[in-house]
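S.K.: test case, fold it:
(one chain, ligands or ions: 1)
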Amino acid sequence: MKKTTIVDIARMKAEGRRIVMITAYDALFAKIFDEAGVDVILVGDSLGQVVLGLPNTLGVTMEDMERHTGAAARGRKRAYLIADMPFLSFQVSPQEAIRNAGRLLQAGAEAVKLEGGRNVEAVIRAIAASDIPVMGHVGLTPQSIHRMGGYRVQGKTDVQKERLMDDALAVQEAGAFAVVLEGMPADLAGEITERLAIPTIGIGAGPRCDGQVLVMQDLLGLFDEFRPKFVKRFAEMKKPVQDAVRAYADEVREGKFPGREHSF
Ligand code: KIV
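M.R.: Numbers count the residues shown, from 1 in each chain. Here you go, the predicted structure:
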């Protein structure tokens, strides 16, 4: 299969073909998802919760993102690879943002994603002007957890709806090639998708986006700290994994494993 590029992603919106994005944080899963035919792999800063055991994404560092981006890049061959810019890696100044975005490209990403709308317009413009493709992320932005008062659906009132539409337009005008719409009413996400020329990728934003993204541990049924309404578990992997490990433990304790066939 041919390598997916930024040109293909733009073309998919133009041709009405849905864009499939999934998160991955290491080489093994990036390879598995690549072979399954996803279009885009995101090394999300959800890394904080689903891999590093942090309470939220605020503790994820540039070093974490570089390490995991490099791993995912080495695992995948065909899918387009995007890396999240972690908290404080792009807010301080456009110069610092360019440097950090560049570090993620040097680690193996083909584009970066950053959270925010009108407030990060200058940053997106600066990074995009440095020939680093940028994906925006508006609506429920997990790095703003303390401003939002938790992970709450955004854009419920008319004023908030207008603000989110304006955020999405700002991201596009600043030069982003696509935008994630997270945690907002489906109708609003549909309106934004129709209004924007760039592709929208939804998560908790209904069916009318140009593509969808899910966190791999959620869709595989591995992570059950909480189960948001927007997640569909396409498999229940936690139980088979635990069953396998329990069977292994039993056989070791009972002296059944390793047998002669596993011995030299
Ligand atoms: O960090 C992440 O995994 C994300 C996606 C959920 C969009 O930003």
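S.K.: mind checking how far the closest residue to residue 12 other than its chain neighbours is from residue 220?
M.R.: Excluding the flanking residues, the one nearest residue 12 by C-beta to C-beta, 6 or more residues apart in numbering is residue 19, at 5.2 Å. C-betas here are computed from N, CA, C, even on glycine. In this view, residue 19 and residue 220 are 20 Å apart by C-beta to C-beta, to the nearest Å.
S.K.: can you give me the strands in the protein?
M.R.: Ranges of strands in the chain, per DSSP state E, are 19-23, 40-43, 80-84, 111-113, 134-139, 178-182, 200-203, 211-214.
S.K.: and the third one, what does it pack against?
M.R.: The one in question is strand 80-84. In terms of contacts (3 or more C-beta pairs under 8 Å, 6 or more residues apart in numbering; DSSP states H and E), strand 80-84 is packed against helix 6-14, strand 40-43, helix 62-75, strand 111-113.
S.K.: what's next to that strand, contact-wise?
M.R.: Residues from elsewhere that reach strand 80-84 (C-beta atoms under 8 Å, 6 or more residues apart in numbering): 4-6, 8-9, 21, 30, 39-47, 60, 65, 69, 72-73, 104, 107-114, 135.
S.K.: stretch 180-200 spans what distance, first to last residue?
M.R.: Distance across stretch 180-200, first residue to last, is 6 Å (C-alpha to C-alpha, to the nearest Å).
S.K.: quickly check: it near the ligand or not.
M.R.: Yes - Stretch 180-200 is in contact with the ligand by C-beta under 6 Å from any ligand atom, via 180, 182.
S.K.: which parts of that stretch are buried?
M.R.: 180-186, 188-193, 196, 198-200 (16 or more other C-beta atoms under 10 Å).
S.K.: same question, stretch 105-118
M.R.: For stretch 105-118, a neighbour-count test (16+ other C-beta under 10 Å) marks 105, 107-118 as buried.
S.K.: which of the contacts of strand 80-84 count as buried?
M.R.: Using 16+ other C-beta under 10 Å, the buried members of the contacts of strand 80-84 are 4, 8-9, 21, 30, 39-47, 60, 65, 69, 72-73, 104, 107-114, 135.
S.K.: quick one: stretch 102-115 to chain centroid distance?
M.R.: Taking the mean of its C-alpha atoms, stretch 102-115 sits 12 Å from the chain's own mean (C-alpha atoms, centre = their mean, to the nearest Å).
S.K.: how near is residue 224 to residue 36?
M.R.: 22 Å.
S.K.: and if you look at residue 52?
M.R.: Counting by C-beta to C-beta, the gap from residue 52 to residue 36 is 25 Å.
S.K.: also residue 194?
M.R.: 30 Å.
S.K.: make sure residue 236 is actually in contact with residue 221.
M.R.: Yes - using C-beta atoms under 8 Å, residue 236 makes contact with residue 221 at a distance of 4.1 Å.
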